[in-house]
Every structure is written in structure tokens, then in C-alpha cells.
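Colleague: for reference, the sequence and a predicted model appear below.
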Amino acid sequence: MNGIKDSAYEISKRLYNDGIKPLIIEKENYACIEDPIFGIKRNRVIAEVLKAMVRLKLEPDENIAKKFCNYLEKNQNNDGSWNEIHPNYNQPSALITSIVGTALLLVHERYREKNLEESIRKAKNYILSQEKTEGFFIKSKYYTADHLNVDAICGAFLASYGTIFTDDRCIRIARQSAQHICDHQFSDGSYPYTTNQGNYVYSFNIPCIHYQAVTMYYLIKINDYLQEEFIKKSLLRAGDWLVSVQKDDGKFDWSHSGLMFAYYLTGAYAFSSASLLYISKWEKKYIENGYKCLNILNHNIKDLVLRWEKDNWITFPCSLITTLKTSKIGNFPIKQKLFRFGYGLHRQMARRRFSIHLDDKLFLDVTKLFKIKTSTIEPFSNYPDLFMTSEVLDTLSSSLLFLRGDLDTI
């Protein structure tokens, strides 16, 4: 395990010092992080980096951490929510509120910052208000389907809040969210991205490697507090599926991953590594797979983490077969399957190119041709992604505390 710990810590320090730190804007009373590509300041990015800073003590004192908290408190909405800030939209979100609330909980616990309690309590009330049915939380106003990863993230916050503040209702609802996720797990161990259609044109009741690992990661956070046998069994089955789609060299076989906008996301390797290493305490066989994920991740860093898993053009012909298999996953009409193939082909080319100047004209032309609306940005090149980097930092810092023997429950 020492080699894994050393590698994870080295990656974390490099990402923070070389990638994140130069992007921090520090003022007298607050600090934030500006995206070098899109020029936006995301609440989620700040919260994820804040968690890593506190867990791994990446800064010698608490000053910047407290300034991050000041910025987040200032940007909390009156109803207790925080906005999901994206290049294409900016709206209140239970997903983002859970992540920011968790970061503030961590600071509250580590530094005894009592002044954060009101913001955390308001966040808790907002998240509870977004539960539509037992264990199903609405992600945001414009994304109303039941996303299992969102349920897991909301459940993880409520489990931590309920434990820290002795709130039985939050504990009960966190358990319901875990049960809801486990009930919808496919027989092969994979989790669907959504369980229903919501306001999407189609249902995404399909497996996705990236969101398999994300759902596992936050389900683990719930289990840290609840210690339920049904969660453990679900996680082991989920781990088996994840390992089954991993090649001997550590790379994933993305032909088994049906969600096109999450196709080849590098964050999948960070979430997978953290999740597999955690469940290795029950089954040692996952250690090697978790280590392999970490190695692939390490090869996809240029100060910041690349948005997508990079590759060379020699393998491009074989990638067409992979994408064809992917496009057939799910119950979609022929027009949508053709679009999915075109989407995947675009991604296969883009991940093999690199640029910090993003041009998504080709993707917009494809969506126009198929008369399909999408909120995602799909540039025709791979790029260093602050958003992905913050997620990676969060997962690595969490798994490092676990590997070190300090059970991190926030």
C-alpha cells in the first residue's frame, strides 16, 4: 500500500501546487478560483479544492481555507442552495449544495468553525426540500430525472450532517437514498445513470463507467456513517462490474459505457481508484485494479488533469469499433443511435488532439444536423480541465486518509 499512498500524495501535491494554486484569486476577505479556459468561478470547484486542502494540509495555515468559506457563504442563496455554475447555465442545485455543504461541514469539524453552522443548516433544509420521493433528489430545475449519483451525493451529505448534529431524520433519509440506489442496481452490478426520463428527451437507464465510480464513491461516504450490510453487498457487486470492464493495462473498455457526455472522462480513474481501494478492505483483490487506475490517471496530467483520457492516432481505427458498440447500448431510436455514434466519433478524435483554445463548431454542426439540443460543451480538442482536477483532488485526498488509517467520513 505504501507505493499507492506515495503515488496518490505526489499527484495531489503536484495538482495543487502546479495546477490549482496559480489560479487562486486571494482578496482581503475571500478567495476563489477562476477557470483558465471558461473564465467562470464554480462553487463546486472551490468546495472540492477546499476539502483536499483541509484533509491533506496543502496550505501551511488555515487562512485560504477560511477565505474560501467566506466566498462560499457569500454566494449561498437565500433558500440555502448554491448554484451549479456552468459555461451554459447558472442555477440552484441540490447536487452542488450537497458538495459545498460537505466542504463546510469538514471545515466546521476540523477547525471548530461554529460560525458556519447557519449556512450548513440552511443547506440541509434546502436539500431535504428537493427530495421528490423516498431517496430520489431533484438535481436542479432543468434536470429533473432521477440521477443515482445525485441521490448518493445528497445522501452522503445528510448522513454526515445527521451524525454530526444528531439529526435522526437526516440519517433516515440518507439510508433511504442508499436503499433507493441499491434497489436500482442492475443484475450485473452496474448502476444506471438515471432511473427515469424526467425532462430529458430519452431515459438514460444505461451503465456508465464514470458515473458507476462516482455513485460508488458517494455510496461509500454514506456507508462510513451507516455501516449497512446491504450497502456493502451492493458496493462489492459494483466493484466486480468496474473490474470486469478494465483491461490488463489499467485502461477501461469504454465500449461498455453508454453515456456519451461522460465518455472517456479522466475523472473516472480517480473515482474508481478511490472506490476500489476502499472496498479492498473487504476483498483484497481490488487493490491492484485501484493502483492501475491511479497509474492511468497520472499519465493524463498537464499541471491540470486532462478532460478526457488521451490516446494516439495509431489506435484510432480500433476506437471506431469501440464507439459502434457504445452507440448500441440502450433502447434508443435509430436516429438517436446514429447521433450517439457521431458523438462518440467526435470524442474519439477530440481526445487525441490537444489545445487550450476551444472550438466546438463541429459538435454544434452535428447537433444541428440531428436537431438535438444539448447543454454540454464539446470542443474538438482535449484540454487541461480545472473542473476535472478539483474532482480528482477531492477523491485522492479522501482515499489518502483512508489508506493512512484515518477514516475520513466527510
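Modeller: Great, that's in hand.
Colleague: low-confidence ranges in the stretch 301-410 of the chain?
Modeller: Scanning the stretch 301-410 of the chain for pLDDT under 70 picks out the ranges 362, 365-375, 405-410.
Colleague: need the helices for it, in chain order.
Modeller: Remark: helices assigned in the stretch 301-410 of the chain by DSSP state H, counting those that start in this stretch are 316-327, 334-350, 361-370, 386-404.
Colleague: what would those helices look like in CSV with distance to Glu113?
Modeller: For every residue, glycine as well, the C-beta is placed using N, CA and C. As requested, these are arranged in CSV below (distance: least, C-beta to C-beta, whole Å):
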stretch, distance to Glu113
helix 316-327, 46
helix 334-350, 42
helix 361-370, 43
helix 386-404, 19
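Colleague: out of these, which one sits most buried?
Modeller: helix 386-404 (a mean of 23; mean count of other C-beta atoms under 10 Å).
Colleague: report all helices and strands that that one contacts.
Modeller: When contacts are defined as 3 or more C-beta pairs under 8 Å, 6 or more residues apart in numbering; DSSP states H and E, helix 386-404 sits against helix 2-14, helix 43-56, helix 267-279, strand 304-305.
Colleague: quick check: mean pLDDT across stretch 101-111?
Modeller: Stretch 101-111 comes out with an average pLDDT of 95.
Colleague: okay, the helices and strands packed on helix 386-404, which one's buried deepest?
Modeller: The most buried one of the helices and strands packed on helix 386-404 (mean count of other C-beta under 10 Å) is helix 267-279, showing a mean of 28.
Colleague: mind checking how far that one is from the chain centre?
Modeller: 11 Å (C-alpha atoms, centre = their mean, to the nearest Å).
Colleague: got the contact list for Phe271?
Modeller: With contact taken as C-beta atoms under 8 Å, 6 or more residues apart in numbering, Phe271 is in contact with 210, 213-214, 216-217, 391, 395.
Colleague: ok, those vs Thr163, which is closest?
Modeller: Tyr217 (18.3 Å; C-beta to C-beta).
Colleague: thinking again about what came up before, of the helices and strands packed on helix 386-404, which is nearest Thr323?
Modeller: Of these, nearest to Thr323 by C-beta to C-beta is helix 267-279, at 16.6 Å.
Colleague: pLDDT averaged over the closest one - what is it?
Modeller: Rounded mean pLDDT across helix 267-279 is 97.
Colleague: coming back round to it: wait, which of the helices and strands packed on helix 386-404 is closest to Tyr161?
Modeller: helix 43-56 (15.0 Å).
Colleague: what does the next helix or strand after that closest one contact?
Modeller: Going down the chain from helix 43-56, the next helix or strand is helix 63-74, by DSSP states H and E. Residues outside helix 63-74 that contact it (C-beta under 8 Å, 6+ apart) are 24, 26-27, 29-32, 43, 46-47, 49-50, 53-54, 59, 82, 100, 103-104, 107, 111, 113, 116, 119.
Colleague: after helix 63-74 comes which helix or strand?
Modeller: strand 82-86.
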